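S.K.: Fold the following, please.
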Amino acid sequence: MENALRRFKRKVQQEDIIKEVKRHSFYLKPGEKRRAKEALARKRSRKKARKEQD
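M.R.: Numbering: from 1, shown residues only. Next up is the predicted model:
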């Protein structure tokens with residue numbers, strides 16, 4: 001039983017099901033969606049730059 005639960009949790013996490021559900025739980029206007037996407041891209045690029053710096 002525990003093993004099945006662990007497998008299920010891992011599968012859900014790998015497929016980003018939770019993230020997808022949260023994303024569809026409320027409506028974002030197209031402009032807000034674009035801004036959120038751009039903010040995520042900036043965050044990702046900063047993280048990448050920080051990793052390369054080390």
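
S.K.: from here on, contacts and neighbour counts on C-alpha atoms
M.R.: OK.

S.K.: and the longest helix for this structure?
M.R.: Determined from DSSP state H, the single longest helix within the chain is helix 30-53.

S.K.: Give me the distance between Pro30 and Ala36.
M.R.: Counting by C-alpha to C-alpha, to the nearest Å, the separation of Pro30 from Ala36 is 10 Å.

S.K.: Compare those two (neighbour count), which wins?
M.R.: Higher neighbour count among Pro30 and Ala36: Ala36, with 13 against 9, using other C-alpha atoms under 10 Å.

S.K.: coming back round to it: distance from the longest helix of the chain to the middle of the chain?
M.R.: Averaging C-alpha positions (C-alpha atoms, centre = their mean, to the nearest Å) puts helix 30-53 12 Å from its chain's average.

S.K.: Ok, stretch 46-54 next?
M.R.: The answer for stretch 46-54 is 19 Å, by C-alpha atoms, centre = their mean.

S.K.: Repeat that for stretch 29-44.
M.R.: Centroid displacement of stretch 29-44 relative to its chain, using C-alpha atoms, centre = their mean, is 12 Å.

S.K.: and it, C-alpha only, in CSV?
M.R.: The C-alpha trace of stretch 29-44 is given here as CSV (Å, rounded to 0.1, in the frame of the first residue of the first chain):
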residue,chain,number,x,y,z
LYS,A,29,-6.1,37.6,-18.5
PRO,A,30,-3.8,37.2,-21.5
GLY,A,31,-1.6,40.2,-20.4
GLU,A,32,-1.3,38.8,-16.9
LYS,A,33,-0.4,35.4,-18.3
ARG,A,34,2.3,37.0,-20.5
ARG,A,35,3.7,39.0,-17.6
ALA,A,36,3.9,35.9,-15.4
LYS,A,37,5.6,34.0,-18.2
GLU,A,38,8.2,36.8,-18.6
ALA,A,39,8.8,36.9,-14.9
LEU,A,40,9.4,33.2,-14.8
ALA,A,41,11.9,33.5,-17.7
ARG,A,42,13.8,36.3,-15.9
LYS,A,43,13.9,34.2,-12.8
ARG,A,44,15.2,31.2,-14.7
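
S.K.: Now that stretch: average pLDDT?
M.R.: The average of the pLDDT scores along stretch 29-44 is 93.
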